[in-house]
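Novice: Sequence and predicted model, in that order:
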Amino acid sequence: MRVLLDENIDRLLKQLFAPEFEVLTVQDRGWQGKGNGELLRAAEQEFNVFVTMDANLEYQQNLGALKLAVIVLRAKSNAYSVIAPLMPLVNEALRSIKPGDVVHVPA
(Lines give C-alpha, C1' and ligand atoms only; values in the text may rest on other atoms or scores of the structure.)
Protein backbone atom coordinates (compact mmCIF):
# COMPACT_ATOMS: atom_id res chain seq x y z
CA MET A 1 0.00 0.00 0.00
CA ARG A 2 1.28 3.43 -0.94
CA VAL A 3 0.76 6.29 1.52
CA LEU A 4 1.24 10.02 0.91
CA LEU A 5 1.90 12.35 3.87
CA ASP A 6 0.60 15.88 3.53
CA GLU A 7 3.12 18.70 3.81
CA ASN A 8 1.68 19.65 7.21
CA ILE A 9 3.02 16.42 8.74
CA ASP A 10 6.61 15.98 9.93
CA ARG A 11 8.44 13.86 7.36
CA LEU A 12 10.33 12.08 10.16
CA LEU A 13 7.09 10.24 10.91
CA LYS A 14 7.74 8.12 7.81
CA GLN A 15 9.93 5.86 9.94
CA LEU A 16 7.02 5.06 12.28
CA PHE A 17 4.84 3.44 9.62
CA ALA A 18 4.75 -0.34 9.55
CA PRO A 19 7.22 -1.86 7.06
CA GLU A 20 4.47 -3.09 4.72
CA PHE A 21 3.55 0.49 3.82
CA GLU A 22 5.46 2.53 1.26
CA VAL A 23 5.35 6.12 2.54
CA LEU A 24 6.29 9.27 0.66
CA THR A 25 5.70 12.91 1.48
CA VAL A 26 4.26 15.69 -0.63
CA GLN A 27 7.80 17.12 -0.60
CA ASP A 28 9.27 13.81 -1.85
CA ARG A 29 6.96 14.03 -4.88
CA GLY A 30 7.67 17.74 -5.45
CA TRP A 31 4.00 18.59 -4.97
CA GLN A 32 4.35 21.20 -2.22
CA GLY A 33 2.17 24.25 -2.73
CA LYS A 34 -0.51 22.42 -4.75
CA GLY A 35 -4.09 23.24 -3.77
CA ASN A 36 -6.06 20.48 -2.08
CA GLY A 37 -8.12 19.53 -5.14
CA GLU A 38 -5.11 19.35 -7.43
CA LEU A 39 -3.08 17.48 -4.81
CA LEU A 40 -5.80 14.88 -4.23
CA ARG A 41 -6.29 14.27 -7.96
CA ALA A 42 -2.53 13.72 -8.38
CA ALA A 43 -2.34 11.55 -5.26
CA GLU A 44 -5.14 9.21 -6.30
CA GLN A 45 -3.16 8.31 -9.43
CA GLU A 46 -0.20 6.96 -7.43
CA PHE A 47 -1.28 6.38 -3.83
CA ASN A 48 -3.89 4.43 -1.87
CA VAL A 49 -4.05 6.68 1.21
CA PHE A 50 -3.49 10.35 1.96
CA VAL A 51 -2.61 11.28 5.57
CA THR A 52 -3.25 14.88 6.64
CA MET A 53 -4.00 17.11 9.60
CA ASP A 54 -6.35 19.29 7.54
CA ALA A 55 -9.64 18.71 9.37
CA ASN A 56 -11.51 20.87 6.84
CA LEU A 57 -10.45 18.77 3.85
CA GLU A 58 -13.50 16.51 3.92
CA TYR A 59 -15.81 19.54 3.91
CA GLN A 60 -13.96 21.26 1.07
CA GLN A 61 -13.52 18.25 -1.22
CA ASN A 62 -15.73 15.35 -2.34
CA LEU A 63 -13.53 12.64 -0.84
CA GLY A 64 -16.03 9.85 -1.47
CA ALA A 65 -15.54 10.30 -5.21
CA LEU A 66 -11.81 9.60 -4.97
CA LYS A 67 -10.00 6.32 -5.55
CA LEU A 68 -8.08 7.30 -2.45
CA ALA A 69 -8.68 6.89 1.28
CA VAL A 70 -7.90 9.71 3.71
CA ILE A 71 -6.69 9.59 7.29
CA VAL A 72 -7.15 12.82 9.24
CA LEU A 73 -4.95 13.17 12.31
CA ARG A 74 -6.70 15.23 14.97
CA ALA A 75 -4.17 16.71 17.38
CA LYS A 76 -3.41 20.07 19.00
CA SER A 77 -0.15 20.34 17.09
CA ASN A 78 1.66 18.79 14.16
CA ALA A 79 4.83 18.43 16.23
CA TYR A 80 6.55 15.05 15.98
CA SER A 81 6.20 14.49 19.74
CA VAL A 82 2.43 14.97 19.50
CA ILE A 83 1.81 12.88 16.39
CA ALA A 84 4.23 9.99 17.04
CA PRO A 85 2.01 8.42 19.74
CA LEU A 86 -0.84 8.25 17.19
CA MET A 87 1.13 6.09 14.77
CA PRO A 88 0.01 2.68 16.11
CA LEU A 89 -3.59 3.79 15.44
CA VAL A 90 -2.63 5.03 11.98
CA ASN A 91 -0.97 1.71 11.13
CA GLU A 92 -4.05 -0.15 12.39
CA ALA A 93 -6.36 2.02 10.27
CA LEU A 94 -4.20 1.49 7.19
CA ARG A 95 -4.68 -2.27 7.42
CA SER A 96 -8.44 -2.01 6.92
CA ILE A 97 -9.03 1.27 5.05
CA LYS A 98 -10.76 1.27 1.66
CA PRO A 99 -10.86 3.80 -1.19
CA GLY A 100 -13.23 6.65 -0.39
CA ASP A 101 -12.99 6.09 3.38
CA VAL A 102 -12.21 9.00 5.69
CA VAL A 103 -10.79 7.87 9.02
CA HIS A 104 -10.20 10.27 11.92
CA VAL A 105 -7.40 9.42 14.35
CA PRO A 106 -7.82 11.53 17.48
CA ALA A 107 -5.06 12.39 19.93
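Specialist: Great, that's in hand.

Novice: Contacts for stretch 33-50 next, please.
Specialist: Applying CB atoms under 8 Å, 6 or more residues apart in numbering, the contact partners of stretch 33-50 are 1-4, 6, 24, 26, 29, 31, 54, 57, 60-61, 63, 66-71, 94, 97, 99. (Each C-beta comes from the backbone N, C-alpha and C, glycine too.)

Novice: Residue ranges in the chain under the pLDDT threshold?
Specialist: Across the chain, nothing is flagged by pLDDT under 70.

Novice: what residue lies at the spatial centre of it?
Specialist: residue 51 (0.7 Å; CA atoms, centre = their mean).

Novice: Assumed it was part of a strand.
Specialist: Yes: assigned with DSSP: H, G, I helix; E, B strand; the rest coil, residue 51 falls within a strand.

Novice: count of neighbours near residue 103?
Specialist: 19 (other CB atoms under 10 Å).
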